[in-house]
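**Student:** could you work out the structure for the sequence below:
(chains A and B)
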Protein chains: 2
Amino acid sequence: VYSRTTFTLCYTAAMLNVVAVDLGGTNLRAAYFPDDDPRPHSQTKTPTKAYEGPEAVVARIVRSIEELAPADRRELRIGVGVPGPLDPVAGVVFETPNLPGWLNVPLKQLLQDHCQAAVVIGNDANVAALGEWRHGAARGANDVLYLTISTGIGGGVITGGRLLLGVKGLAGELGHMLVDPDGAVCGCGQRGHLEAEAAGPAIARKFRERLAAGESSELTNRLNASAEISAADVGRAAEAGDPLARSVIEDAAQIIGRQLASLVHAFNPQVIVVGGGVSTLGPLLFEPMERALRNGIMHPAYLTDLKIVPAALGDDAGLIGAMVLAREI
Amino acid sequence: VYSRTTFTLCYTAAMLNVVAVDLGGTNLRAAYFPDDDPRPHSQTKTPTKAYEGPEAVVARIVRSIEELAPADRRELRIGVGVPGPLDPVAGVVFETPNLPGWLNVPLKQLLQDHCQAAVVIGNDANVAALGEWRHGAARGANDVLYLTISTGIGGGVITGGRLLLGVKGLAGELGHMLVDPDGAVCGCGQRGHLEAEAAGPAIARKFRERLAAGESSELTNRLNASAEISAADVGRAAEAGDPLARSVIEDAAQIIGRQLASLVHAFNPQVIVVGGGVSTLGPLLFEPMERALRNGIMHPAYLTDLKIVPAALGDDAGLIGAMVLAREI
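**Tutor:** Modelled structure (predicted):
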């Protein structure tokens, strides 16, 4: 009685053509993935020009899609990754820190009206998590934590083989979990979140604070003392062996590792994928991070099969994830 | 092609008889739920006598089941809630702080061998979450956070209409998330977990610390100064209006509320259910907890439809949840 027909019903999404869009604060990327192919057949990259406001940016997204989409829209879906809190079910972007003027923009409806195809939108970090899960560093796992550490810290969670969405699709904001009630102000306006204590800007800030407090670094010999020192500067100094830079990065790695231990108790993942610009520091970040994680675990059973791996898709995670989003959600 | 037969296949769990067991450190409760009835038709309660070790306790569980189970075992399932980390898939209890000597006990296999029926075991807080979700305070919601605050803090998460298990069934340990790296030692051996900072023993400890630091309380006039002051004592004093007791409970509520805000960002639940002995303090706990939660949220969209409610099933959550576990997992 378990019929073949029923089995096929689960796979109605097969052989879809997808235009995937990765909307960033700086660049707008789009790619065309025909016939279930996970590799893009053509792609474009244009400046977002976010300062022109939502209407101009939406028009630019529509142009990118039209450039790539086939004339026949029947088997087409469009997947879009967008920074900031949004409701993927209603298709509304509540607001996004990197795109000025965006407030409750009904992006899904706007794109559907212009492009005559089904549109799925998703939080950019959630979307990247989908990409790493299906085609990147977490392939084959059913329970995955994804963290991207750059200017901010974004997250995405796969649990039991499904993207964790929550009631309004706002789940997975792992960068906005409290690590220090007396900590620095976060991009979101709250205080002491993981993002405010361990993302790139926090690394740069803590380096400058320790310099100001009298510690010394070779980095300051090369840079003008009054110059803004960025997280990338600190990273390069750490790679060159500068002890202060290494210590600052170790501290950030420890904060992240401790928070990951808490998240392991909450989610019991099989794979933790860490991406984003800060993750390119490699062992300088991963070693102290993994040490803090392992030291913070309450029972060894959580660690038996746990893998902590760098992201595999680099800058393409958003595009590939938007393709997965369009095909599977 | 969508056949009626196929639809029925999804409901093979219908009309099951269930013996549910709630294994606690003090008492062992069992109940019989025949024919899909969510109300128990008969139940028993016996002392666990945990000090006699795992073999004696397992024999006692078997006797409780045999007392209640029908002669015909074909439609029978047994659901068991157990404290402490366990693998519900393998059916092995790794260890449990309240049951001395339990180390990697293959409870599922042991009970199946003795009782000739399918056995499902689950972490007690996960199981209580199932109970509150299906028959208690979170009925009808698909995304639920459950927290039980008593001697420890346990958790359970429903996400997208499913119990969050993680790769080994160890997920949902929400009491073991870090809130203060320099905090007190937790029951699990780590430091500064939510449980170590806000469960009953933490409330009692912080009250005693503030007394020792010179603060005064009416409570000390009634109790011998050298007597151990329990969380229940602090609770009663707070209910009677004692300012120090109220302040200590408010502090714990704030710690819990802040952590809940972080968890709301991670899970985006529709309902948060708070149970356990400490939750019976009612508004003394819930008001400052909910205030801290709301103040800690990064975007109002998380709060639009969020309900924070007390548990509805009281001491029966474990038994009813074990019944749900047996029927639905």
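
**Student:** chain neighbours aside, what residue packs nearest to residue A:64?
**Tutor:** Excluding its sequence neighbours, the residue lying closest to residue A:64 (Cβ to Cβ, 6 or more residues apart in numbering or on different chains) is residue A:30, at 4.0 Å. The way it works is simple: take the backbone N, C-alpha and C, and place the C-beta from them, glycine included.

**Student:** give me the below-cutoff pLDDT ranges for chain A.
**Tutor:** Regions of chain A meeting the criterion pLDDT under 70 cover residues A:1-14, A:221-227.

**Student:** that older thread, which strand or helix spans the residue nearest to residue A:64?
**Tutor:** strand A:27-33 (DSSP states H and E).

**Student:** output the contacting helices and strands for that strand.
**Tutor:** The contact analysis (3 or more Cβ pairs under 8 Å, 6 or more residues apart in numbering or on different chains; DSSP states H and E) places strand A:27-33 against strand A:17-23, strand A:42-47, helix A:54-68, helix A:317-328.

**Student:** export the ones you listed to TSV and tack on mean neighbour count?
**Tutor:** Putting the helices and strands packed on strand A:27-33 into TSV (neighbours: other Cβ atoms under 10 Å in any protein chain shown) gives the following:
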stretch	mean neighbour count
strand A:17-23	29
strand A:42-47	14
helix A:54-68	17
helix A:317-328	27
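
**Student:** quick one: contacts for the spatially most central residue of chain A?
**Tutor:** For chain A, the residue nearest the mean C-alpha position is residue A:125 (2.7 Å; Cα atoms, centre = their mean). Neighbouring residues of residue A:125 by Cβ atoms under 8 Å, 6 or more residues apart in numbering or on different chains: A:146, A:148, A:154, A:155, A:156, A:172.

**Student:** please enumerate the helices of the stretch 201-329 of chain A.
**Tutor:** For the stretch 201-329 of chain A, applying DSSP state H, counting those that start in this stretch gives helices covering A:218-222, A:231-239, A:243-267, A:283-295, A:317-328.

**Student:** the ones you listed: which one's closest to residue B:292?
**Tutor:** helix A:243-267 (17.9 Å; Cβ to Cβ).

**Student:** buried set for the closest one?
**Tutor:** For helix A:243-267, a neighbour-count test (16 or more other Cβ atoms under 10 Å in any protein chain shown) marks A:244-246, A:248-267 as buried.

**Student:** ok and that helix relative to helix A:283-295, angle-wise?
**Tutor:** With axes from the mean of the first three to the mean of the last three Cα atoms, to 10 degrees defining the directions, helix A:243-267 sits at 40 degrees from helix A:283-295.

**Student:** please see if helix A:243-267 touches chain B.
**Tutor:** Yes. Using Cβ under 8 Å from any Cβ of the partner chain, helix A:243-267 reaches chain B at A:258, A:259, A:261, A:262, A:263, A:265, A:266, A:267.

**Student:** name the nearest residue to the residue of the stretch 51-200 of chain A found nearest chain B, sequence neighbours excluded.
**Tutor:** Chain B sits closest to residue A:166 of the stretch 51-200 of chain A, with a gap of 2.4 Å, by Cβ to the nearest Cβ. Spatially, and ignoring its direct neighbours in sequence, residue A:166 is nearest to residue B:268 (2.4 Å; Cβ to Cβ, 6+ apart).

**Student:** residues contacting that neighbour?
**Tutor:** Contacts of residue B:268 (Cβ under 8 Å, 6+ apart): A:165, A:166, A:167, A:168, A:169, A:170, A:171, B:143, B:302.

**Student:** who's in contact with stretch A:245-261?
**Tutor:** Contacts of stretch A:245-261 (Cβ under 8 Å, 6+ apart): A:145, A:147, A:149, A:174, A:177, A:179, A:194, A:197-198, A:202-203, A:206-207, A:210, A:217, A:219, A:234-235, A:237-238, A:272, A:278, A:281, A:284-297, A:308, B:178, B:181.

**Student:** then stretch A:135-146?
**Tutor:** Against stretch A:135-146 from outside (Cβ under 8 Å, 6+ apart): A:38, A:125, A:128-129, A:132-133, A:155-161, A:174, A:260, A:263-264, A:267-275, A:309-313, A:317, A:320, A:324, B:166-167, B:171.

**Student:** among the residues you listed, which are located in strands?
**Tutor:** Applying DSSP state E to the contacts of stretch A:135-146, the entries found in strands are A:155, A:156, A:157, A:158, A:159, A:271, A:272, A:273, A:274, A:275, A:309, A:310.
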